[in-house]
Structures are given as C-alpha cells and as structure tokens.
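Q: Okay, predicted coordinates and the sequence, questions at the end:
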Amino acid sequence: MTIDITNRFRRMLTEDRPMPPLGTWLMSAAPGPTEAIGHCGFDFVVVDMEHVPVEVGQLPDILRAVGCTPAEPLVRLPWNDKVTIKKVLDAGAQTLMVPFVETAEEAAAAVSAAKYPPVGIRGVAAVHRASRYGSATDYLKRANDEVMVIVQLETPEAVSRLREIAAVPGVDAIFVGPGDLSAAMGHLGDIAHTEVQALLERAASDARAIGTPIGIVGPNPAMVRRFLDYGYDFSAMASDIAMMTGRARDWLGELRGEAASQPGKVTSAY
C-alpha cells in the first residue's frame, strides 16, 4: 500500500485558485481548539513554537488535531536551530517557517538542516512519525522534495536582502513578519504606519519580480485584503485566541451597551 506524503501546502501555492490560501495563527497550544479552528475553512494554520509554549513533545498531538481537518499545518520554529529542525521534522512537520532570517547564509543553514544528505545535514532515522513509523517506505527518497522551507524576514535589513535570500536553493517561500518589522523600524505596535506599509508593499513586489511565493499575517480582513492587493501569495489572519477574545468582547459590549473598542493603531497581527 502506498502512503501519500505529498505536501499539500506546496501544491496550494501552485494551484489555480479563486483566492490565495488563507490561514490563521494557533496561539492556544491545545489540540481541541486547534481541531475546531481547522474545520472553519482555513487553508492552513500556523503552529507557533516561537511565542507559544509548545515543545517538540507536544507537537505530534497538535499536528494530529490539524490532520483531522482540511487545513494544512505550517510549523513556526522557535529559532533557526538544526537540532530543533530535525526533531520537528521527525515529529511530522512538512512545512517549516524559520524566524528571523537576516542573510542568505542563515537561509542556507535552515535549508541544510531540513534536508537529508547530500543536499543537507538532516540526521537519518527510518521509523518516526514523519515516515508514518516506517510505513511510508519511500519517505527517505521523497522527503527532500516534500519538506518545505519558508524563511521569515523581520527587519528592514532582511527585506533589503530579499532577492539574495530567496535565491538560496531550497528556500521555497518568504514570509514577512509585520509586527517585528514595524518594531525594527521604530514603529513598535503600529504595523499600519505608512513607512511600514510601504516596505511591506516593496517586499511583495520584489518577491513577485523573481517568482518567489511570499506570505504575511494581518490582524483583520481589511488588512489582509490590503496585503493581497500588494501581491502577497498567501496570508494568515489573526489567531484562534485573538478571534475568540475579540468576539467575546464584542458580545459583552453589546449586552452591556458599551461601544466596541476601536484601538487607534493596529498593534499586532496575531
């Protein structure tokens, strides 16, 4: 019996779709809410190991929860670390998002850690969750083609090097982090600032000029629409926790006769 290990998210980025892939961030770190959000219609969900207390040992249960739904999981690593990359891949992740990549050399290191020899340095084990515990007998042959590496650019310096970072063999897509980018530009908590938006638009233009898929995250539908108009190929929107707490505040405000809060700045994407 052939076991399918095709990376569906990679295919999403090449399909002719009525709308680019849309996702959300998982900040709850729990299988139940993860499974629920996966059934809401998102194309992908981002399992965040950087800002959420998710350890490698917890990851399989979260990935199993996503696996019960139509959504595809992207795993955002805590750091560009070869040991963590190896463990996360063996735990069953196929699409990695590597934070705070500043140079082509750092991008190359991430790719190397995610690929088996002779392409990279990923350690070889035959029986783990990624290989379906050895049942996917062609896993070692196919893994390098199916594992996807997305590198995050989170500073103006990184965005200025977008073309050379994207040119690294094995970098499958770019993801711009607007929250960290705005902070690095001196506009902490204000991703809607005109200077931040101008750089985000330039990043999309540069990526499209060289044919590299580029993604981003926005806090609400209006901002996500703006990013898609800039030319972003996929976008996450808010997070499970942000949507839950936002709806709770709206409903409580309605019952209490209070106006919904209208923050002056778009402070965070998720």
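A: Nice, I can see it. Numbering: from 1, shown residues only.
Q: Count the neighbours of the closest residue to Thr155 other than its chain neighbours for me.
A: Of all residues not flanking Thr155 in the chain, Ala184 sits nearest, at 4.2 Å (CB to CB, 6 or more residues apart in numbering). From N, CA and C alone the C-beta is placed, and that goes for glycine too. A count of nearby residues for Ala184, using other CB atoms under 10 Å, gives 17.
Q: Repeat that for the one 10 residues further on.
A: When neighbours are counted by other CB under 10 Å, Thr194 registers 9.
Q: Show me the beta-bridge partners of the closest residue to Phe44 other than its chain neighbours.
A: In space, and not counting its chain neighbours, Phe44 is closest to Gly23: 3.7 Å by CB to CB, 6+ apart. Judged by DSSP bridges, the bridge partners of Gly23 are Phe44, Ala236.
Q: Renumber starting at 13 from here on
A: Got it, first residue is 13 now, which makes that one Gly35.
Q: Double-check Gly35 against Ala250; I have them as touching.
A: No: applying CB atoms under 8 Å, one finds Gly35 not in contact with Ala250, separated by 10.2 Å.
Q: which residues in the stretch 63-212 of the chain form strands?
A: All strands of the stretch 63-212 of the chain, identified by DSSP state E, counting those that start in this stretch, fall at 84-88, 107-110, 160-165, 185-188.
Q: and Val64, which of the ones you listed is closest to it?
A: strand 84-88 (8.9 Å; CB to CB).
Q: What is the closest one packed up against?
A: helix 20-24, strand 56-60, helix 71-79, strand 107-110 (3 or more CB pairs under 8 Å, 6 or more residues apart in numbering; DSSP states H and E).
Q: Phe34 - how many residues pack around it?
A: No, residue 34 isn't Phe; it's Leu. Neighbours of Leu34 (other CB under 10 Å): 16.
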